[in-house]
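Engineer: sequence-free structure coming up:
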């Protein structure tokens, strides 16, 4: 084992870094913490590690101080917690001069070694190091990081490509100023947005034919199902779990209650406990497959009795599970907006107005700014326009400080009302906002 580790270390400090689509995820600058790079399978966590290494090089960190160690090597399959110390010990034998400065250790798939967190904590206490851990296993999800590292790690979530990153992957250069976007570029951006909603942002899905893409993305879901949930929690009622996944992926943004889904299963002669369904929904969120939001209210009781709205981690997944030949572009756009709010670290809920209208999102940013956001693909019909704006009028009356925003495919204008000004913004422009 010692010899293998020596060989891997020699490779770790000399390997060439691949060319990358730059990801926009930011690592928080908190001293004396390890970084845990988490997210659903195949979102690009390893490539984000490479990107982080490249940024360290650009900041003047010597290559020999950047140690990438991937535990998926089959030669390391028998490695135990008692062997991990050989990594740092042998590294400092090879580079004793590097003890005088900070060394960056990047541990990819380290969760394959039982008890790894004890080694990481000990390494951080004993040496001048910055530690990064990443992985695709369920044991590298946020709940495990919180319990294993006991406050010694901060998380950075990697999602599938944003719309901006999607355009970079297509080699489309975006003008820095939106004022410089001419009609031709605007048409291109709208067209690419339609493509992005259907294809989604998983790196491997780019450029595939629809049948191949659907096969790939459904394979991702199966990997989450069996490896991150069934194996992890010893699930036996796999059929019910599959039905729940299909329902959520086919209905992004639609109100969901466990009680209603339970009754649907019951009508089909399928027996399952409601508590089990609640657990399954939690598992799907832990595995980053879906996210849910609650109603906007100060009352915890109202939060509990009202439906949640589930969204899928990627619109490509929703499109690949759609029963329709052409998936509902409105649901995909709403899902896309929600995921962008997640990337912006915004607290999100939905709102029901006193007249029964629904506002898709109430978004509260870290600086306290509140936005009421309505999403509709086409507002050219007067009835649709009135319905969407009416919900925002009432939201503005209930939340006088809120900014009112109507996101659609192509129109850009403003409407001044007694409840505030509604900004109508094309989705491509909002998504390109920094």
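Structural biologist: That came through, no problem. Predicted, not measured: the structure shown is a model, and the values here were computed from it. Numbers count the residues shown, from 1 in each chain.
Engineer: Does residue 134 touch residue 72 like I think?
Structural biologist: No - judged on C-beta atoms under 8 Å, residue 134 makes no contact with residue 72 at a distance of 11.5 Å. Heads up, the C-betas are built off the backbone N, CA and C, glycines and all.
Engineer: Could you please give me the overlap between the contact lists of the two?
Structural biologist: Shared contacts of residue 134 and residue 72 (C-beta atoms under 8 Å, 6 or more residues apart in numbering): 108, 109.
Engineer: So the two - more neighbours on which side?
Structural biologist: Using other C-beta atoms under 10 Å, the more surrounded residue of residue 134 and residue 72 is residue 134, with 24 against 12.
Engineer: Next one: the more buried one from residue 90, what distance?
Structural biologist: 22 Å (C-beta to C-beta, to the nearest Å).
Engineer: And for residue 157?
Structural biologist: From residue 157 to residue 90 the distance is 32 Å (C-beta to C-beta).
Engineer: what's the answer for residue 395, then?
Structural biologist: 60 Å.
Engineer: go on, residue 264?
Structural biologist: Per C-beta to C-beta, residue 264 is found 58 Å from residue 90.
Engineer: Specify the local secondary structure of residue 415.
Structural biologist: Three-state call for residue 415 (DSSP: H, G, I helix; E, B strand; the rest coil): strand.
Engineer: Based on its surroundings, how many neighbours for it?
Structural biologist: Going by other C-beta under 10 Å, the residues that sit close to residue 415 add up to 15.
Engineer: and it, what are its bridge partners?
Structural biologist: residue 422 (DSSP bridges).
Engineer: wouldn't it be in contact with residue 396 here?
Structural biologist: No - because the distance of 10.9 Å does not satisfy C-beta under 8 Å, residue 415 is recorded as not touching residue 396.
Engineer: By mean pLDDT, which helix or strand of this structure comes out lowest?
Structural biologist: Counting by mean pLDDT, DSSP states H and E, the weakest-scoring helix or strand in the chain turns out to be helix 142-149, with a mean of 66.
Engineer: where does this protein have low pLDDT?
Structural biologist: 136-147, 179, 434 (pLDDT under 70).
Engineer: in it, which residue is closest to the centre?
Structural biologist: Closest to where the C-alpha atoms of the chain average out (C-alpha atoms, centre = their mean) is residue 159, at 3.2 Å.
Engineer: quick one: that one and residue 49, what's the gap?
Structural biologist: Counting by C-beta to C-beta, the gap from residue 159 to residue 49 is 16 Å.
Engineer: that older thread, check the secondary structure at the residue nearest to the centre of the chain for me.
Structural biologist: Applying three-state DSSP: residue 159 is coil.
Engineer: ok, it - contacts?
Structural biologist: Contacts of residue 159 by C-beta under 8 Å, 6+ apart are 25, 39, 40, 43, 201, 313, 314, 339, 342, 343.
Engineer: Could you rerun that using 6 Å?
Structural biologist: With C-beta atoms under 6 Å, 6 or more residues apart in numbering as the criterion, no residue contacts residue 159.
Engineer: what separates the residue nearest to residue 398 when sequence neighbours are not counted from residue 286, distance-wise?
Structural biologist: Nearest residue to residue 398, sequence neighbours excluded (C-beta to C-beta, 6 or more residues apart in numbering): residue 353, at 7.0 Å. Distance of residue 353 to residue 286, given as C-beta to C-beta: 33 Å.
Engineer: Also residue 36?
Structural biologist: 14 Å.
Engineer: These two - which one has more neighbours?
Structural biologist: residue 36 (25 against 17).
Engineer: Remind me which helix or strand that one belongs to.
Structural biologist: strand 34-38 (DSSP states H and E).
Engineer: Just the buried residues of whatever helix or strand residue 184 lives in, please?
Structural biologist: Assigning secondary structure by DSSP H and E places residue 184 in helix 183-199. For helix 183-199, a neighbour-count test (16 or more other C-beta atoms under 10 Å) marks 185, 186, 188, 189, 192, 193, 194, 196, 197, 198, 199 as buried.
Engineer: what angle do the helix or strand following it and helix 183-199 make?
Structural biologist: Where DSSP H and E defines the elements, the next helix or strand beyond helix 183-199 is helix 210-223. If you take axes from the mean of the first three to the mean of the last three C-alpha atoms, to 10 degrees, helix 210-223 sits at 50 degrees to helix 183-199.
Engineer: and helix 210-223, what other elements does it pack with?
Structural biologist: Helices and strands touching helix 210-223, by 3 or more C-beta pairs under 6 Å, 6 or more residues apart in numbering; DSSP states H and E, are helix 315-320.
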